[in-house]
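> Mind folding the following:
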Amino acid sequence: MLNEGQDNRKLNRVGEGLRSRVARTGDAASTQSADSSQFISGLLYAQGQNDFAQALALKRALIKEHEGDVLEEMIPGSELVNERGTCYQIETVERVSLQTIPSLRAKESLLSDFKLLNGVREVTESALKERGYHTIEDLVGHNRFGGQARRFLGLVEALDTAEIMEWIGKRFSKSHPLALRASGFHAPDELLFVDIETLGLFSSPIIVIGLANSIGETLNVHQFVLRDVHEEPAALTAFLSHVDARSALVTFNGRTFDVPYLEQRLAYYQIRGDLQRTHFDALHFARRKWQGMMPDFRLFTLQKHLLGARETDIPSALVPEFYETYLRTQNVGPLLAVIEHNRQDLIALAHIFSMLCEG
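Okay, the predicted model is just below:
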């Protein structure tokens with residue numbers, strides 16, 4: 001584990017180097033066009049041709065700056081060895097005070113909404129409350145709704161968040177605030193923030209698996225990095241070692257992308273791992289909370305408008321381009337940018353989830 005002193009200062013210097021390169025390549029990029037042989041065509045790059053050219057200029061600058069450098073010397077970490085091989089593990093500590101929903105508030109919110117019971121709408125709920133039923137717990141003896149009330153109360157008492165969210169999804173949408181309230185039944189260190197970087201679309205290797213969890217006032221970030229695509233099985237196995245029975249996944253668009261992708265790669269290598277568990281996808285909750293207030297709902301955009309723009313980053317669409325260049329040239333410069341991008345995504349995800357939980 002890295003401490004927050006000497007080793008983190010090395011990481012900060014990497015970030016400062018990237019910031020410097022962004023500033024020094026910004027003007028030059030506007031005069032350079034994207035090479036048609038590049039991994040991803042600039043014509044398909046959503047953020048604009050100039051940004052695409054600037055990112056490629058940054059890549060060239062990083063290659064020049066880091067010629068002859070070694071990953072292990074640039075970013076402190078360790079070689080992780082398990083039954084499926086080796087990969088490079090980076091551990092950092094970030095100052096993030098994660099705000100979560102208190103379990104009592106979560107329980108009160110869920111048990112006070114009678115519309116979670118089949119057959120109850122606003123009018124029926126009002127009538128029941130006028131008769132003295134204030135919570136779902138009060139309804140356990142009701143002739144009509146007692147059976148449902150007992151079953152739902154049992155899920156709440158057992159803190160079965162996966163089943164609670166399934167129940168909520170049948171009555172409301174997956175983005176309903178009550179679904180987010182269920183996160184309050186997990187201790188902060190049980191929330192596992194996950195973000196992956198891949199070499200392309202489905203069936204391409206995962207090149208960085210990032211995860212983080214909150215301990216006190218800090219966010220502990222773990223990144224499993226492939227120095228070569230053959231290290232993917234070891235990285236997947238290392239990731240699974242952090243997932244236990246009480247872990248709840250927190251992602252951004254992870255229901256559609258990250259988790260299915262991880263499951264596909266696990267199946268490809270015949271690695272057993274259960275990722276069908278409680279899952280809070282921040283994208284769904286963010287859309288509901290900030291609808292009409294954002295130009296789009298990419299993580300980068302939310303961070304820019306809610307937390308401030310990143311000083312250093314490469315666009316998500318160009319991660320495969322940077323990693324492919326690293327593989328071809330064995331120059332670690334582009335790989336450093338990919339690792340930093342993944343770390344920034346995890347930190348942004350934790351901050352945004354914290355803001356969602358604040359109400």
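> separation between the spatially most distant residue from the centre of the chain and D138?
Computed with CA atoms, centre = their mean, the residue of the chain farthest from its C-alpha average is R131, at 44.8 Å. Distance of R131 to D138, computed by CB to CB, to the nearest Å: 10 Å. C-betas here are computed from N, CA, C, even on glycine.
> Please, where are all the helices along the chain?
Per DSSP state H, the chain carries helices over the ranges 6-29, 49-65, 71-74, 103-111, 122-130, 146-157, 161-171, 177-181, 232-240, 258-268, 282-290, 299-306, 319-329, 333-357.
> And those: which comes nearest V250?
Ranking the helices of the chain by proximity to V250 (CB to CB) places helix 333-357 first, at 5.5 Å.
> quick one, that closest one and helix 49-65 angle?
Going by axes from the mean of the first three to the mean of the last three CA atoms, to 10 degrees, helix 333-357 is angled at 130 degrees with respect to helix 49-65.
> for helix 333-357, what is the average pLDDT?
Helix 333-357 shows a mean pLDDT of 95.
> Report the distance from that helix to the chain centre.
In terms of CA atoms, centre = their mean, to the nearest Å, the centre of helix 333-357 is found 8 Å from the chain centre.
> now stretch 165-177
Relative to its chain's centre, stretch 165-177 lies at 21 Å (CA atoms, centre = their mean).
> Please identify the buried residues of it?
Neighbour counts over stretch 165-177 (16 or more other CB atoms under 10 Å) mark M165, W167, I168, S175, H176, P177 as buried.
> Nearest to L117 among those?
Nearest member of the buried residues of stretch 165-177 to L117, counting by CB to CB, is W167, at 9.7 Å.
> Please tell me I have it right and the closest one contacts N118.
No - between W167 and N118 there is no contact under CB atoms under 8 Å: 10.0 Å.
> ok, L307 touching A348?
Yes - assessed by CB under 8 Å, L307 is found in contact with A348 at 6.6 Å.
> Give me the more crowded residue out of the two.
More crowded of L307 and A348, by other CB atoms under 10 Å: A348, with 23 against 13.
> show me what contacts that one?
Counting by CB atoms under 8 Å, 6 or more residues apart in numbering, A348 touches L299, F300, L302, Q303, L307, R310.
> Mind checking which of these are buried?
Buried members of those, scored by 16+ other CB under 10 Å, are L299, F300, L302, Q303, R310.
> Please name the residues that touch the last one.
Think R310. Applying CB under 8 Å, 6+ apart to R310 gives the contacts F300, Q303, K304, Q344, A348.
> again, 6 Å this time
Residues near R310 by CB atoms under 6 Å, 6 or more residues apart in numbering: Q344.
> Return the distance of it relative to A53.
Look at R310 and A53: by CB to CB, they are 19 Å apart.
> One more: the first one?
Taking CB to CB as the measure, L299 falls 23 Å from A53.
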